[in-house]
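Novice: Provided below are the primary sequence and the corresponding predicted coordinates.
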Amino acid sequence: MWNPQHSTRLERQIAGSTNRWRFPKDAFSQDLLALSQLCRAANIDFDDVLKDPHRGAITVPICEEASYRDAQGQLVILKCLGSEWELHLHQLFRSETLAKLYLMALGGGTTSPTKELEKLLQVPAPRKVKEKSPIKKMVISLKVNDPMVTKVAFATALKNLYSSQVEVNLDDMPGVLASAYTLQFSNLFQRCVTMMMTGLMSDNISNFYLASCKYQAEQLTTACEKWLDVNLVPLMGTKIHLRKIPKELLHKVLKSPRLFTFSEFHLLKTLLLWVYLQLNHRIQTIPAYETMMAFFNSFPRKCSFLDRTAGHSFMSLFLCLRLHAVTKGKDLEDLRHMNIFPESWLLQVTANHYLALENGGDMVHLTDLTTQGVRFGLIFVQEYTTYTKMIAVYGFFFEIKGIKDDTTSYSFYMQRKSHMDMEFPSSHCEYGIVSLRPERLVKYEITAQTLVDGKWQEFRTNAITQKFRFIKPSCKSQVLKIQTVGIPIYVSFSFIFPGS
């Protein structure tokens, strides 16, 4: 007669990598080998389970049980890139592409590979153990035409079907991302995107950006754009890797309101360097500024560089610059000497400068702070407790300043200075231009941005209109106070002088 008490014998559990079985309601007091195997598989302490046997009653998930069965069951041979790889069925189904190929090879085809996998991997009812049958192998083929998918990158992607802990070199990331995209392996694809976002540097920014666009990784595309917003001038402007920056990416960054630059002329020189490197492919070192000047001046002077055939394709980039913010006489002389811009452009810039000087500094031709503001910037690094920089525009002198209040607190502001201040460099009093106006109406904005745990933190004062005098407190702007653990901090000061 059937005894209900024996029903538990139909419920079995795996206890370790050698497939030893036990009854779930039995303690391990008489099977220490199985207990040791289970402890190693479940990463729990052997002595603790001896004290409390019920701690060892751990159910193995269906995916693990299926993987054990697959190891003794069907294998799939994948032919791709001139090589063959043996894959277990359960791991193969982590790739949508391979799952579809497998189901097509079965002759069925389905819109839901996951449901098919569940059917294929269902645990059969207990039955008498029969003699093991030979391992069956099915062959599927995948044709890849993407040159980014190399054999090494593809093999790395297949390894990740079995373990998410496979190390991937940052230089190989674009190829692995391409392989994950080809395999439709979403977990690996997102892992590559995350690692590439946190590993952006001057030597990989171009390759990562191009890969993000090709494989529709929008998160990575945005990360590349934001990284270049702050690093174009201070970092890329000193690296030969600037040459590889795609034109469309450079155009986006030049138009970005987050763009950081020390001054408008610094930005202009960075753009000139990029153009120089596009036209001189054999150059492998950053040229001196004088070398660039000589190169652009070597063209016949019957027309400007941008009016030439060679310069037409760069016109849209130079239109993003704010030439009105180049106010130093020497910088304007350099631009005339290089003959980059059409003569009408420089004449208009010069005429606006004279008009502003005649009106006491009023920039009547400027109305939009966001797109027309005169930009200056400073980078506050770990070693600084205080950092100051002097700027001069139309005979008005300002000090832009950063102060470290404590470990994670910083203050940034600008204040008007007199030309009589002893610490003010005499070079800023160029051509003796000094304004004696006691008040200067300024519309300004101060912004700061820094990277923390792979995400950009941004702080700003919003647009403020204020009269600056020589005495405190009216000589000082509103203070931008921030709390952050990020370093360095990129601080931008943008302003115009409205009519007053």
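Specialist: Done, it's in.
Novice: Can you list the helices and strands that the helix or strand Leu249 falls within packs against?
Specialist: In this assignment (DSSP states H and E), Leu249 forms part of helix 247-255. Applying 3 or more C-beta pairs under 8 Å, 6 or more residues apart in numbering; DSSP states H and E, we find helix 247-255 packed against helix 218-231, helix 264-279, helix 315-318. The C-beta positions use only the backbone N, C-alpha and C, and glycine is treated the same way.
Novice: Mind doing that once more with 10 Å?
Specialist: Here helix 247-255 touches helix 205-214, helix 218-231, helix 264-279, helix 315-318, going by 3 or more C-beta pairs under 10 Å, 6 or more residues apart in numbering; DSSP states H and E.
Novice: quick one: average confidence on the shortest one?
Specialist: When you say that, I think you mean helix 315-318. For helix 315-318, the mean pLDDT works out to 96.
Novice: Flag the helix or strand of this structure with the lowest per-element mean pLDDT.
Specialist: For the chain, counting by mean pLDDT, DSSP states H and E, helix 62-72 ranks last in confidence among helices and strands (a mean of 38).
Novice: what about Thr367, distance to Lys443?
Specialist: Thr367 sits at a distance of 10 Å from Lys443 (criterion: C-beta to C-beta, to the nearest Å).
Novice: more crowded one of the two?
Specialist: Ranked by neighbour count (other C-beta atoms under 10 Å), Thr367 and Lys443 place Lys443 first, with 18 against 12.
Novice: buried set for the helix or strand hosting that one?
Specialist: Using DSSP H and E, the element containing Lys443 is strand 440-452. Using 16 or more other C-beta atoms under 10 Å as the test for burial, strand 440-452 gives 440-451.
Novice: Then stretch 162-180?
Specialist: Result for stretch 162-180 [16+ other C-beta under 10 Å]: buried residues 168, 173-180.
Novice: Please apply the same query to stretch 336-346.
Specialist: For stretch 336-346, burial by neighbour count (16+ other C-beta under 10 Å) applies to 338-341, 345-346.
Novice: Next: stretch 204-214.
Specialist: Neighbour counts over stretch 204-214 (16+ other C-beta under 10 Å) mark 204-213 as buried.
Novice: now do stretch 364-372
Specialist: Neighbour-count burial for stretch 364-372 flags 366, 369, 372 (criterion: 16+ other C-beta under 10 Å).
Novice: Make TSV out of those residues and add pLDDT and secondary structure.
Specialist: Compiled in TSV, the buried residues of stretch 364-372 are given as follows (pLDDT from 0 to 100; DSSP: H, G, I helix; E, B strand; the rest coil):
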residue	pLDDT	secondary structure
Leu366	93	coil
Leu369	96	helix
Gln372	96	helix
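Novice: If we go by neighbour counts, what in the helix or strand following the strand holding Lys443 is buried?
Specialist: Downstream of strand 440-452, the first helix or strand assigned by DSSP H and E is strand 455-460. Neighbour counts over strand 455-460 (16+ other C-beta under 10 Å) mark 456-457, 459 as buried.
Novice: Return the closest of those with respect to Arg469.
Specialist: Arg469 has its nearest neighbour among those in Phe459, at 26.5 Å by C-beta to C-beta.
Novice: Identify the bridge partners of that closest one.
Specialist: Beta-bridge partners for Phe459, by DSSP bridges, are Ala448.
Novice: need the contact list for it.
Specialist: Phe459 is in contact with 410, 412, 446-450, 480-484, 489, 491, counting by C-beta atoms under 10 Å, 6 or more residues apart in numbering.
Novice: Pull out the buried residues from stretch 469-483.
Specialist: 475-477, 480, 482.
Novice: Now, these that are in strands?
Specialist: Among the buried residues of stretch 469-483, the residues falling in strands (DSSP state E) are 480, 482.
Novice: Make TSV from the buried residues of stretch 469-483 and add distance to Tyr394 and pLDDT to it.
Specialist: Formatted as TSV, these follow (distance: C-beta to C-beta, whole Å; pLDDT from 0 to 100):
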residue	distance to Tyr394	pLDDT
Cys475	17	93
Lys476	20	94
Ser477	18	96
Leu480	24	97
Ile482	30	97
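Novice: what's the farthest-apart pair in the buried residues of stretch 162-180?
Specialist: Checking the buried residues of stretch 162-180 with C-beta to C-beta, the most distant pair is Val168 and Ala178, at 12.6 Å.
Novice: sorry, back to before: select, out of the helices and strands packed on helix 247-255, the one closest to Val381.
Specialist: Across the helices and strands packed on helix 247-255, Val381 has its closest neighbour in helix 218-231 (13.3 Å, C-beta to C-beta).
Novice: name the helices or strands packed onto the closest one?
Specialist: By 3+ C-beta pairs under 10 Å, 6+ apart, helix 218-231 packs against helix 186-198, helix 205-214, helix 247-255, strand 440-452, strand 455-460, strand 489-496.
Novice: Excluding chain neighbours, what is closest to Pro237?
Specialist: Pro isn't right for residue 237; it's Gly. Thr270 (3.9 Å; C-beta to C-beta, 6 or more residues apart in numbering).
Novice: looking at it, that neighbour is touching Phe260, isn't it?
Specialist: No: using C-beta atoms under 10 Å, Thr270 is not in contact with Phe260, being 11.2 Å away.
Novice: Compare these two and say which is more crowded by neighbours.
Specialist: Higher neighbour count among Thr270 and Phe260: Phe260, with 24 against 20, using other C-beta under 10 Å.
Novice: what secondary structure does that one sit in?
Specialist: Following DSSP: H, G, I helix; E, B strand; the rest coil, the label given to Phe260 is coil.
Novice: average model confidence for stretch 201-217?
Specialist: 97.
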